[in-house]
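Novice: Need coordinates for the following:
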Amino acid sequence: MKRLFLLISLLVLSKFSAQTWATEDQYIQKFAQYAVEEMEKYKIPASITLAQGLLETGGGQSRLAQEGKNHFGIKCKEDWTGKTMKHTDDAPNECFRVYDDPKQSYEDHSIFLATRKYYTKLFDLDMKDYRAWAHGLKKAGYATNPRYASILIGKIEKYKLYEFDEVNSKEVLYAVLKKYPDLKDDRAFMARMEPAKATKKTTTPVTVKVPYKATSYAQQQQRVERIKTKAEILNSILIKSHPNGGLKYIVIPEDTDVQYIAKKFKISESKLMKWNELEGMVLAKNEVVFLESKNSDGNTATYKAEYGEDMYDIAQKFGIKLNKLYSKNRMDEGQKPSAGQLIYLIDKKPRN
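Specialist: Numbers count the residues shown, from 1 in each chain. Here you go, the predicted model:
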């Protein structure tokens, strides 16, 4: 009898509780609206934008998406004046844009495609031809993954995202509901489909009395966040795995010297100096230091130098031996790249 009662209870609860969706389904439900709105403004297929968002964020689970509201992995570049965050992508500690709202990220992605000369040919394509757009993005160099176009197309066809290319911004929520009919029982989603109720303003001032409570100095001190000492910060350095072949490296959290790092990681000072092409013993905060010999090639074909970067910065960013980097780019030792200059990280293929 108890078993029967339990079964009936579970059935009743399942009928009235909200559906638990997979992360990618949740992402589509939440951000399809933004993708269609951007399609209307910039003529970029909503299916493409949504598929890119799904891929870049891992269904909204990536650190960039959750902490920086950055859904398309857009880096700072020289023209960005907003908030930023450091994140390891092609190289350690790269600078990425931070937004106050994901909607800003979606619009910035549209502006990025619409204003960069590399993507101008995309806008000659049929807006409903998601396959052509996917291959066009790969051809224009949007991503280094050789399978990028097929991955996007796979996402679009798996979730039938092309259906959003056929609707306008006023029809999106109903299109989502058609795709996920069980959402009719999801109060949080349905609330978005109902017009907001007007709230009555009051001019009557409200006074809140807060009783005074004496607090000792010791209690106040407990509330103050404890500041770590320099020694504690340096002692907490973690070894990381570089995208270029998994090379072991660290990022210096506070100014220190080669002797300290050599002792901490049980590596000779001479090897650290050689592997990192160091000329002095001082290591500055945020400096990248490799704990093994760097590679002769990068993990991506090319890179555009940013303002103020020199070849050593690029070599450390991508885990490449400095002399190899100069050689690949036919530059003399000490020669600096100009902002925006294309730097080869892998040897150029000889012409036939």
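
Novice: Just give me the neighbour total for the closest residue to residue 43 other than its chain neighbours.
Specialist: Closest residue to residue 43 apart from its sequence neighbours, by C-beta to C-beta, 6 or more residues apart in numbering: residue 127 at 5.5 Å. Every C-beta, even on glycine, is put in place using the N, C-alpha and C of the backbone. Neighbour count for residue 127, taken as other C-beta atoms under 10 Å: 17.

Novice: Please renumber the chain so that the first residue is 46 from this point on.
Specialist: In the new numbering, first residue 46, that becomes residue 172.

Novice: Got phi/psi on residue 172?
Specialist: Main-chain torsions, residue 172, degrees, to the nearest 10: phi -60, psi -20.

Novice: Can you verify my assumption that it contacts residue 84?
Specialist: Yes: here residue 172 reaches residue 84: they are 7.4 Å apart, a contact under C-beta atoms under 8 Å.

Novice: Not counting the longest helix belonging to the chain itself, show me its contacts.
Specialist: Using DSSP state H to define each element, the chain has its longest helix at helix 68-87. With C-beta atoms under 8 Å, 6 or more residues apart in numbering as the contact definition, helix 68-87 has outside contacts at 66, 89-92, 94-95, 98-99, 102-106, 116, 147-148, 151-152, 154-156, 158-159, 172, 204, 206, 209-210, 212-214, 217-218, 220-221, 224-225, 228, 234.

Novice: Spell out the residue ranges of the helices in the stretch 96-245 of the chain.
Specialist: 108-113, 147-160, 175-184, 193-203, 217-224, 232-238 (DSSP state H, counting those that start in this stretch).

Novice: Which of these sits closest to residue 341?
Specialist: helix 193-203 (25.4 Å; C-beta to C-beta).

Novice: tell me what that closest one is packed against?
Specialist: helix 91-102, helix 175-184 (3 or more C-beta pairs under 8 Å, 6 or more residues apart in numbering; DSSP states H and E).

Novice: and for the first one, what are the contacting residues?
Specialist: Meaning helix 91-102. 69, 72-73, 76-77, 79-81, 83-84, 107, 109-110, 116-118, 151, 154-155, 175, 178-179, 182, 196-198, 200-201, 204, 206-210.

Novice: just the shortest one next, same as before
Specialist: Residues external to helix 175-184 that are found in contact with it (C-beta under 8 Å, 6+ apart): 89-90, 92-93, 96, 164, 166-167, 170-171, 188, 191, 193-195, 197-198, 201, 206-207, 210.
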